[in-house]
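Asks: here is a sequence together with a model predicted from it:
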Amino acid sequence: MASEAHGESAGLTFHPMDQFIVKPLFGGDTINWYTPTNVTLWMGLTIVVIFLLLVVGTRGRAVIPSRIQSVAELAYGFVYQMVEDVAGKDAIKFFPYIMTLFMFIVFANFLGLLPMSFTTTSHFAVTVVLALAVFITVTVVGFVKNGTKFLGLFWVSSAPLALRPILAIIELISYFVRPVSHFIRLAGNIMAGHAVIKVFAGFAQITAVAPLAVLAITAMYGLEVLVAFIQAYVFTILTCVYLKDALHPSH
């Protein structure tokens, strides 16, 4: 009886974080920088899906668009309007970069919701690169366009003179915290949602609570579909806000 109880408890054992383990595609335990992994695979699939939508799907651009062309045009107009409204018309030159950023994140999030898939945006290694790329790009653009005037971003001229040095320090710290909050927000939200779904899936193995667990999984999955889009939107709109600061640094 003890062995059966142990077997039952072992059968109910689940590890929500196992879904985030990076594994080599072709077996083995050693992972080097050149080793193809499940992360590599799903990042590649994300790029392929984006290519199929934006390039192949719009190849025969028609006056009456197909469904694929309509989706591509909707995404294009959505991001274009976001850049123009948030960062200004002079930021339109950065639209290709921001469009690429949004499409990569949103499709990586959506593909991660497929059964047996891997969510690349749940890993800090991916989101750190995305956030640092934005941070470095914005900083370089700020200094190239404005020179030393870019430092005016940290000098609150509207504040009393005695408070300006203190506010400058606070502004400087908050500026360098930007990439940290940028990448943690994306990876943290995606990872948390997937972990909760896996926990409910574990409870679905228990007959007594299986119906409630299935309902919870369905609700969480629907919520994660929404979160997948919202997190891509938040990451992109913050990029536009940071770009606006680089183009117009004065308070």
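Replies: Yep, that arrived.

Asks: where does the prediction get shaky in this structure?
Replies: Applying pLDDT under 70 to the chain picks out residues 1-14, 250-251.

Asks: the longest helix along it - contacts with which helices or strands?
Replies: Criterion DSSP state H: the longest helix present in the chain is helix 164-203. Under the contact criterion of 3 or more C-beta pairs under 8 Å, 6 or more residues apart in numbering; DSSP states H and E, helix 164-203 touches helix 124-146, helix 210-247. In this view, the C-beta of every residue, glycine as well, is placed from N, C-alpha and C.

Asks: got phi/psi on Pro24?
Replies: Its backbone dihedrals place Pro24 at phi -60, psi 140, with angles given as degrees, to the nearest 10.

Asks: quick one on the thing from earlier: in CSV: the helices and strands packed on helix 164-203, plus mean neighbour count.
Replies: Listed next are these as CSV, based on neighbours: other C-beta atoms under 10 Å:
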stretch, mean neighbour count
helix 124-146, 17
helix 210-247, 17
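
Asks: out of the ones you listed, flag the one nearest Tyr76.
Replies: helix 210-247 (13.2 Å; C-beta to C-beta).

Asks: so what secondary structure elements neighbour the closest one?
Replies: Using 3+ C-beta pairs under 8 Å, 6+ apart, helix 210-247 is in contact with helix 67-87, helix 95-111, helix 124-146, helix 164-203.

Asks: dump the C-alpha coordinates for the shortest one into PDB.
Replies: Read it as helix 95-111. Below are the C-alpha coordinates for helix 95-111, written out as PDB (Å, rounded to 0.1, in the frame of the first residue of the first chain):
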ATOM      1  CA  PHE A  95       9.400  52.800 -37.700                       C
ATOM      2  CA  PRO A  96      11.000  49.700 -39.300                       C
ATOM      3  CA  TYR A  97      12.900  48.900 -36.200                       C
ATOM      4  CA  ILE A  98       9.900  49.400 -33.900                       C
ATOM      5  CA  MET A  99       7.700  47.400 -36.200                       C
ATOM      6  CA  THR A 100      10.200  44.500 -36.200                       C
ATOM      7  CA  LEU A 101      10.400  44.700 -32.400                       C
ATOM      8  CA  PHE A 102       6.600  44.500 -32.000                       C
ATOM      9  CA  MET A 103       6.100  41.700 -34.500                       C
ATOM     10  CA  PHE A 104       8.800  39.600 -33.000                       C
ATOM     11  CA  ILE A 105       7.600  39.900 -29.500                       C
ATOM     12  CA  VAL A 106       3.900  39.400 -30.300                       C
ATOM     13  CA  PHE A 107       4.400  36.300 -32.500                       C
ATOM     14  CA  ALA A 108       6.900  34.800 -30.000                       C
ATOM     15  CA  ASN A 109       4.300  35.200 -27.300                       C
ATOM     16  CA  PHE A 110       1.500  33.700 -29.400                       C
ATOM     17  CA  LEU A 111       3.600  30.800 -30.600                       C
END
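
Asks: pull out the buried positions in that helix.
Replies: 95, 98-99, 101-111 (16 or more other C-beta atoms under 10 Å).

Asks: circling back: and the angle from the longest helix of the chain to helix 210-247?
Replies: With axes from the mean of the first three to the mean of the last three C-alpha atoms, to 10 degrees as the basis, helix 164-203 and helix 210-247 are set at 160 degrees to each other.

Asks: mind giving me TSV with the helices and strands packed on helix 164-203 and columns for distance to Thr35?
Replies: Output for these, formatted as TSV (distance: least, C-beta to C-beta, whole Å):
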stretch	distance to Thr35
helix 124-146	13
helix 210-247	27
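
Asks: out of those helices, which comes closest to Leu54?
Replies: Of the helices and strands packed on helix 164-203, nearest to Leu54 by C-beta to C-beta is helix 210-247, at 15.2 Å.

Asks: noted, bye for now.
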